[in-house]
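Enquirer: Everything below, folded, please.
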Amino acid sequence: CRRALRPRLARCYSVVPPVLDQAEKAMLDRMLRVDHAGEYGANHIYAGQMAVLGRTQAGPVIQEMWDQEKDHLKTFNELVAENRVRPTILMPFWNVAGFVLGASTALLGKEGAMACTVAVEESISEHYNSQIRALMEVDPEKYKELLNLIKKFRDEEMEHHDTGLEHDAELAPAYWLLKNAIQVGCKAAIYLSERI
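Expert: Modelled structure (predicted):
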């Protein structure tokens, strides 16, 4: 046990319990891989938004959401390492794609950035809800800590979604088209990151 060597990561042991069943281990690996990739991509989206809007009135709002995403990513970095889950090989792509998405929607103004936030956070929340349902079906008591973590992050993602709506996301040019296009991309990213 590496708990004594790395006390900062000790909480990861209680979040994801040991699993002997190979199918269950594969399911958990997919979950951690895609959640790690999603939070990584979200961090780069907010970085792109801050590069464009960081010195505007929208900057502090974006920074606050980004700070939570940084915490989410830190947690999944730890969980992936401690559970020996291979990250997706698409990480370099998500790095560039996330930043470009964040910066390009921010170039549409605050409303464009917030429309992006609404679309992405809604997709991530739906994905987290799917994971919650899957873990509840397997063993809600065994996965209690992981369920609590995913629920907490899902709730924070929904706060970001609501913040986007409160800051005029729906006033973005071609809002519904933009939102739907981003969500198609999110669904593709989730599918690929789980498997590759």
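Enquirer: on contacts alone, who are the packing partners of whichever helix in the chain runs longest?
Expert: Longest helix in the chain, counting residues (DSSP state H): helix 22-53. The contact analysis (3 or more CB pairs under 8 Å, 6 or more residues apart in numbering; DSSP states H and E) places helix 22-53 against helix 59-82, helix 91-106, helix 110-138, helix 175-195. (Each C-beta comes from the backbone N, C-alpha and C, glycine too.)
Enquirer: Distance from it to the middle of the chain?
Expert: In terms of CA atoms, centre = their mean, to the nearest Å, the gap separating the centre of helix 22-53 from the centre of its chain is 5 Å.
Enquirer: could you give the angle of that helix to helix 91-106?
Expert: 40 degrees (axes from the mean of the first three to the mean of the last three CA atoms, to 10 degrees).
Enquirer: in helix 22-53, what counts as buried?
Expert: Buried positions in helix 22-53, judged by neighbour count with 16 or more other CB atoms under 10 Å: 27-50, 52-53.
Enquirer: Can I get the helices and strands packed on helix 22-53 in TSV including distance to Asp168, mean neighbour count and mean pLDDT?
Expert: Converted to TSV, those look like this (distance: least, CB to CB, whole Å; neighbours: other CB atoms under 10 Å; pLDDT from 0 to 100):
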stretch	distance to Asp168	mean neighbour count	mean pLDDT
helix 59-82	11	18	97
helix 91-106	13	19	97
helix 110-138	5	21	97
helix 175-195	10	16	96
